[in-house]
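In: Quick one: sequence plus predicted model below, questions after.
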Amino acid sequence: MIEEFIPEGYENRVSRDYLKTILHIPDREIRGQIEQAVNRGILIVSCGGGYFQVGKKDQEYVADYFRREEHRNRTQGSNVRKKKKLWQKMTGIDPKQIPGQISLFKE
């Protein structure tokens, strides 16, 4: 399991390049395995150029991580909304009606 290669504590963080080197797996798979570890209840975050399992002394780094990710989510959401409006203005097509989109509702 990937958590065996990611130590506890910010001061012990490891880079994704390090993980790629020792595990011999691609970047995307590393991110997927980290997501699986989090789904299993292991708190792993990326901060300061590396991954680490959160320890009790890592409160300020985790707070920074949460602030950064929340800002990223707001920014991405705003960018998507702008692009949807531009798409609709350019094409006259509601972005929800783009061919190939899956609807959860019967039409």
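Out: Thanks, I have it. All values reported here derive from a predicted model rather than from experimental measurement.
In: hey, where'd the helices end up in the protein?
Out: With helices called from DSSP state H, the chain shows them at 16-23, 27-39, 59-91.
In: For residue 13, the count of nearby residues, please.
Out: When neighbours are counted by other Cβ atoms under 10 Å, residue 13 registers 21. Every C-beta, even on glycine, is put in place using the N, C-alpha and C of the backbone.
In: Correct me if wrong: it contacts residue 54.
Out: No: assessed by Cβ atoms under 8 Å, residue 13 is found out of contact with residue 54, at 10.6 Å.
In: quick one: the nearest residue to residue 22 once chain neighbours are set aside from residue 82, how far?
Out: In space, residue 22 comes closest to residue 5 once its chain neighbours are excluded; the distance is 6.3 Å by Cβ to Cβ, 6 or more residues apart in numbering. The gap separating residue 5 from residue 82 is 40 Å, by Cβ to Cβ, to the nearest Å.
In: Hmm, residue 93 and residue 84 touching each other?
Out: No: taking Cβ under 8 Å as the definition, residue 84 is not a contact partner of residue 93, at 10.4 Å.
In: Just want to know which of the two has more residues nearby.
Out: residue 84 (14 against 11).
In: Spell out which residues sit in contact with the closest residue to the more buried one other than its chain neighbours, please.
Out: Leaving aside its chain neighbours, residue 84 sits nearest to residue 95 (4.3 Å; criterion: Cβ to Cβ, 6+ apart). Applying Cβ atoms under 8 Å, 6 or more residues apart in numbering to residue 95 gives the contacts 84, 87-88.
In: Got the confidence number for residue 80?
Out: The score at residue 80 is 88. That number is its pLDDT.
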